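*Asks:* Could you work out the structure for the sequence below:
(one chain, ligands or ions: 1)
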Amino acid sequence: MLSAKVSSSLNKQIELEASSSQYYLSMASWAETQGLNGVSTFLYEHADEERMHMLKLIKFVNERGGHGIVPALKQPPVTFKSVKAVFEEILKHEIKVTNEINNLVEICLKEKDYTTHNFLQWYVSEQIEEEALARQIVDKLKLIGDDKSGLYFFDRDLESLAAKTKAGIDKGKNDR
Ligand code: FEO
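*Replies:* Next comes the predicted model:
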């Protein structure tokens, strides 16, 4: 059984994963309107991945006798300055998510909830990957700068990265 403290903290994380999904979905839609098909495919997949993170938490909370709450969400930004700005935002956002996961891990230790602590290790590893990927993309975009043909090839590269993300989502769904 989850303690009230762990339960409410997990529900806060459910909200953060849900809002991450909305945020990336909005970025995907914007990228699609800019003709950036690779970028938008990648971001649509990323939005799905965050939804999977949310769902995993909801199911875990319910399994442990709590109630996973589906949250109300704020409207995310709908337009973005550039592709680079989008990925800089993603990196910033993922760092925030990592910090929240780390706080959750700490709460579990304080509450002596080793089952939830164990469950959260999946998120700890996932965050390492997500941050590394966002950082790698931001670095690439810095190299590209204002080079239009560079952006064209970058867009194509993201299409194949999106396929990898999709495989990660399927794996994540089956991990438990
Ligand atoms: Fe679910 Fe990107 O954190």
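*Asks:* Near the ligand, which residues of the protein? Just list them.
*Replies:* 17, 20, 50, 53, 94, 97, 130 (CB under 6 Å from any ligand atom). All C-beta atoms are positioned from the backbone trio N, CA, C, and that covers glycine.
*Asks:* pLDDT weak spots in the chain?
*Replies:* For the chain, applying pLDDT under 70 flags the ranges 176.
*Asks:* follow-up on the earlier one: will you turn the residues of the chain next to the ligand into CSV that also has secondary structure and distance to residue 37?
*Replies:* Shown next, in CSV, are the residues of the chain next to the ligand (DSSP: H, G, I helix; E, B strand; the rest coil; distance: CB to CB, whole Å):
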residue, secondary structure, distance to residue 37
17, helix, 26
20, helix, 22
50, helix, 21
53, helix, 25
94, helix, 23
97, helix, 26
130, helix, 22
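*Asks:* Please tell me how far residue 132 sits from residue 139.
*Replies:* 11 Å (CB to CB, to the nearest Å).
*Asks:* Can you tell me which residue sits nearest the middle of this structure?
*Replies:* residue 50 (4.3 Å; CA atoms, centre = their mean).
*Asks:* for it, what are its contacts?
*Replies:* By CB atoms under 8 Å, 6 or more residues apart in numbering, the residues touching residue 50 are 17, 18, 20, 21, 24.
*Asks:* right, and residue 91 touches residue 134 too?
*Replies:* Yes: using CB atoms under 8 Å, residue 91 is in contact with residue 134, at 4.0 Å.
*Asks:* Contacts only, for the nearest residue to residue 120 once chain neighbours are set aside.
*Replies:* Nearest in space to residue 120, with sequence neighbours left out and distances taken as CB to CB, 6 or more residues apart in numbering, is residue 105 at 5.4 Å. With contact set as CB under 8 Å, 6+ apart, residue 105 has these partners: 117, 120, 124.
*Asks:* so which helix or strand takes in residue 62?
*Replies:* Secondary structure from DSSP states H and E places residue 62 in helix 37-63.
*Asks:* Residue 154 too?
*Replies:* helix 148-174.
*Asks:* just how off-centre is that helix within its chain?
*Replies:* Relative to its chain's centre, helix 148-174 lies at 14 Å (CA atoms, centre = their mean, to the nearest Å).
*Asks:* quick one: buried residues of that helix?
*Replies:* 151, 154, 155, 158, 161, 162, 165, 166, 168, 169, 172 (16 or more other CB atoms under 10 Å).
*Asks:* one step back: identify, from the contacts of residue 105, the entry nearest to residue 87.
*Replies:* Proximity of the contacts of residue 105 to residue 87 (CB to CB) peaks at residue 124, which lies at 22.5 Å.
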